[in-house]
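Asks: Next comes the sequence, and after it the predicted model I'd like to discuss.
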Amino acid sequence: MDEIIKKADVLIEALPYIRAFHHKVFVIKYGGKVMLSEVSQKKLLEDLIFLHFVGIKPVLVHGGGPSITQKAASLGKIAKFVDGLRVTDAAMIKIVEETLGEINQKLSVMIKQLGVAAVGLNGMKDGIIKVKKMETEVDLGFVGEIVKIDAEPIKETLRKRAIPIVIPLGKGRDKITYNVNADDAASEIAAALNAEKFILLTDVKGILRHPEDEGSLISTLSREEAQGLIERKVIQTGMIPKVKACINALAKGVKKTHVIDGRLTHAILLEIFTDKGVGTEIVK
């Protein structure tokens, strides 16, 4: 009986959050190594289903870096990166398109199997992500910098009470397909939708004050504090673009951002619907 009562207490703890976020848009970016586990995928999608049924509008933007790298290797092509961005030549952009399409289809099917409509959207084909070729000291090939988001296809999907699942590819004015950093794509989509929350799933607990010590998790940061940690090199390597994506989303009107551990079972629900949360929130 005590266990049953504890479950009821959890539901009551969640009630004010459910009330506050009813009808609000949450943009969730899903990518990295956490995507390779089918068990983790199912738990994530169960969280999205829960959000949907309590009246929240989840939008999923997914990457697929590890899967792209694996597929490229199987074809004898070695992945190359410059400052965390994938060098994308003509052969690689085809691998990127194909792999992201496969992932998108799989996620759509899994959501439908869990009882909710899902619509796979392609940032390039559906005209959502407008880009220009990214100019850097080293030519990255078909890598795009976002210049505009047309969120209407996503809004139309939400109006149909379906979950949009977005591939981060973009089209330039030259009609060429460009690879787009998924963190940046999700951040700009969250801003275009005036989202209540932008949630980044990663494979660490959140932002750590001491990168080697998971016990040094920072629960809450302001936008200015987060920028300061980047400048002091407390936030390093792969976490830098994620935190910059959060700062960008906040600057463009998103209410709150979260960096959480996608390896943790039901991480989204624990972060959003409990008083303590489990990751790092970055706020205005």
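Replies: Nice, I can see it.

Asks: residues touching residue 155, list them.
Replies: Taking Cβ atoms under 8 Å, 6 or more residues apart in numbering, we find residue 155 in contact with residue 193. To be clear about C-beta, it is placed using only N, CA and C from the backbone, and glycine gets the same treatment.

Asks: Quickly find the element holding it.
Replies: In the assignment (DSSP states H and E), residue 155 maps to helix 152-159.

Asks: roughly how far is whichever helix or strand comes after that helix from the heart of the chain?
Replies: Using DSSP H and E, the helix or strand that follows helix 152-159 towards the C-terminus is strand 163-167. Here strand 163-167 is found 11 Å from its chain centre; the criterion is Cα atoms, centre = their mean, to the nearest Å.

Asks: Show me what the helix or strand that strand 163-167 is followed by is in contact with.
Replies: Under the assignment DSSP H and E, the closest C-terminal helix or strand after strand 163-167 is strand 169-172. Identification of contacts with strand 169-172 by Cβ under 8 Å, 6+ apart yields 96-97, 100, 122-125, 127, 129-133, 144, 146, 177-180, 185.

Asks: Please identify the buried residues of the helix holding residue 155?
Replies: 153, 154, 155, 157, 158 (16 or more other Cβ atoms under 10 Å).

Asks: Just want the angle from that helix to strand 163-167.
Replies: For helix 152-159 against strand 163-167, the angle between stretch directions is 150 degrees (axes from the mean of the first three to the mean of the last three Cα atoms, to 10 degrees).

Asks: quick check, distance from helix 152-159 to the centre of its chain.
Replies: On the basis of Cα atoms, centre = their mean, helix 152-159 is displaced by 18 Å from the centre of the chain it belongs to.

Asks: for that helix, what is the average pLDDT?
Replies: For helix 152-159, mean pLDDT rounds to 98.

Asks: Can you tell me which helices and strands the longest helix seen in the chain packs against?
Replies: Longest helix in the chain by number of residues, with DSSP state H as the criterion: helix 90-113. Counting contacts by 3 or more Cβ pairs under 8 Å, 6 or more residues apart in numbering; DSSP states H and E, helix 90-113 packs against helix 38-53, strand 57-62, helix 65-74, strand 118-122, strand 163-167, strand 169-172, strand 177-179.

Asks: Using a markdown table, lay out these together with mean neighbour count and mean pLDDT.
Replies: Below are the helices and strands packed on helix 90-113 laid out as a markdown table (neighbours: other Cβ atoms under 10 Å; pLDDT from 0 to 100):
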| stretch | mean neighbour count | mean pLDDT |
| --- | --- | --- |
| helix 38-53 | 18 | 92 |
| strand 57-62 | 26 | 98 |
| helix 65-74 | 16 | 92 |
| strand 118-122 | 22 | 97 |
| strand 163-167 | 27 | 98 |
| strand 169-172 | 23 | 95 |
| strand 177-179 | 25 | 96 |
